[in-house]
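Enquirer: Build me a structure from this.
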Amino acid sequence: MNEFNSSTFGAAHILPLDNNSGFNRSISISSTRIDANLIQVRGELIDTRQDFEDPVKSILVHNIVARITFQLSDNIVTAAEFGLPKMAFEGMCEKLPTSADELVGLNILKGLSFKIRALYAGPRSCFHLSSLLQAILPACSQARCWNNDFKEMDEKLPSNLVPQAMDTMYKSVKNSCHAWSAKDGGITKDFEANNYSPMLERTSPRLLGRWKQENNE
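Expert: Predicted structure coming up:
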């Protein structure tokens, strides 16, 4: 399994722009488990533009933060907050018609994308906030997996329960992308052949060791 220092992540040398960038948008998402039943996800959007008179200088256009907390037991959002450190039109853009409270009680895995569009798209809120929320949404399931599900598997799951765990995983993500295609997805084919090692290598390396020992691989 490849290991990297976080400071080396990124691929600026792949498909670079032909000229210096006049506008940059970055969206960063982080997450943590804050107690036995809660996952917290934080997203931050930063827009900067090149100064027209001094191209070396960057000017901050937008800086928007959202934090969502949800329960592991049922994936229900228990708290949501927005922070607006920098908006394009100060004194106007901060006055959002729809608050973060509207997210509380919703399920991160069931219909939340539609609800975000309904609540925060167009004149109901801010286009840039909506963009940030749509980026956070698919990260919530990843946040759950890496802060809880995969970690628990890696630490505690008996190797004889690997097939059952992989079947549960498959059912939850079937047809979510080409690799998980029920018809001919690469991961689907691995699972059909009981070849779980590639998945365990990436999600639960210590469990992989227990699985290989049990199966004399």
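Enquirer: Do you have the strands of this structure handy? List them.
Expert: 23-35, 38-50, 58-71, 77-86 (DSSP state E).
Enquirer: Output these as TSV; include the columns distance to Gly209, mean neighbour count and mean pLDDT.
Expert: The way it works is simple: take the backbone N, C-alpha and C, and place the C-beta from them, glycine included. Shown next, in TSV, are the strands of the chain (distance: least, CB to CB, whole Å; neighbours: other CB atoms under 10 Å; pLDDT from 0 to 100):
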stretch	distance to Gly209	mean neighbour count	mean pLDDT
strand 23-35	24	13	97
strand 38-50	27	19	97
strand 58-71	31	18	97
strand 77-86	36	16	96
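Enquirer: distance of Ala36 from Ser204?
Expert: Counting by CB to CB, to the nearest Å, the gap from Ala36 to Ser204 is 20 Å.
Enquirer: ok, these two, which is more surrounded?
Expert: Using other CB atoms under 10 Å as the criterion, Ala36 and Ser204 rank with Ser204 on top: 23 against 8.
Enquirer: Quick check: longest helix in the protein by residues?
Expert: In the chain, with assignment by DSSP state H, the single longest helix is helix 127-144.
Enquirer: tell me which residues in it are buried?
Expert: 128-134, 136-137, 139-141, 143-144 (16 or more other CB atoms under 10 Å).
Enquirer: List just the nearest of those residues to Phe89.
Expert: Set against Phe89, the nearest of the buried residues of helix 127-144 by CB to CB is His128 (11.9 Å).
Enquirer: Sweet, I'm off.
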